[in-house]
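Colleague: Give me coordinates for this.
(2 chains)
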There are 2 protein chains.
Amino acid sequence: MIRHTVAFSLRHEAGSPAETAFLEDGRQALTSIPGVRDFAVARQVSPKSSFRFQFAMSFADASAYEAYNAHPAHVAFVEQRWVPEVSEFEELDFEAY
Amino acid sequence: MIRHTVAFSLRHEAGSPAETAFLEDGRQALTSIPGVRDFAVARQVSPKSSFRFQFAMSFADASAYEAYNAHPAHVAFVEQRWVPEVSEFEELDFEAY
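Modeller: Numbering: from 1, shown residues only, chains lettered A, B, ... in the order given. Predicted structure coming up:
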């Protein structure tokens, strides 16, 4: 099991309709992809980091993760929404120790 | 509920007894502190990040988180183990959106 996470900030104003739309559309687009489990949207609240949000999801194995990355719905979301609307991000992936 | 996470790397060689000792001692020290829930140790496995591990834990609220930060067992762990043995780290805290 791999927990894939990406912390990010948006170019949109905090609390704006565009911010809400990005988070909701992201959830809808990414949870439509086979293999995505336990999708979660969170606010990043530590003042020690400038990231504002996080998407997190689990994959059963590396094969499911790779299929997600290559899936047209993921590629389209990255190109059409992520690149133009996200100002900074960081990906961290976890496996139980 | 706040999910407190810290991704980090150690000065120790990968797979070394010192690495194992840090992870096990960290778990023991931090889970002894009141208010710490669902403590987890994970490997960070994304090649897009240089962090190697993560400690994660949940707190019921900001008050429990502050009590943890100020607790002598946390302060001692940071001073005696974290500062000398950790080479890089990043804290991210999450609340459900």
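
Colleague: near chain B at all, the lengthiest helix in chain A?
Modeller: Secondary structure of chain A per DSSP state H: the longest helix is helix A:17-31. Yes: residues of helix A:17-31 contacting chain B under CB under 8 Å from any CB of the partner chain: A:Leu23. (Each C-beta comes from the backbone N, C-alpha and C, glycine too.)

Colleague: buried sites along that helix?
Modeller: For helix A:17-31, the neighbour count (16 or more other CB atoms under 10 Å in any protein chain shown) marks A:Glu19, A:Phe22, A:Leu23, A:Gly26, A:Arg27, A:Ala29, A:Leu30 as buried.

Colleague: Do a quick rundown of the helices in chain A.
Modeller: A:17-31, A:62-70, A:72-77, A:83-85.

Colleague: Pull the residues that contact the shortest one.
Modeller: Helix A:83-85 has contacts (CB atoms under 8 Å, 6 or more residues apart in numbering or on different chains) with A:Leu10, A:Arg11, A:His12, A:Ala18, A:Phe22.

Colleague: okay, the third one: pLDDT?
Modeller: Model confidence at A:His12, expressed as pLDDT, equals 98.

Colleague: Tell me the residues on chain A that lie near chain B, please.
Modeller: So chain A meets chain B at A:2-4, A:7, A:23, A:40-46, A:48-49, A:51, A:53-54, A:90-97 (CB under 8 Å from any CB).

Colleague: Mark which of those residues are buried, thanks.
Modeller: A:2-4, A:7, A:23, A:40-42, A:44-46, A:51, A:53-54, A:90, A:92-94.

Colleague: picking that back up, adding pLDDT, write the buried residues of helix A:17-31 out as TSV.
Modeller: Shown next, in TSV, are the buried residues of helix A:17-31 (pLDDT from 0 to 100):
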residue	pLDDT
A:Glu19	98
A:Phe22	98
A:Leu23	98
A:Gly26	98
A:Arg27	98
A:Ala29	98
A:Leu30	98
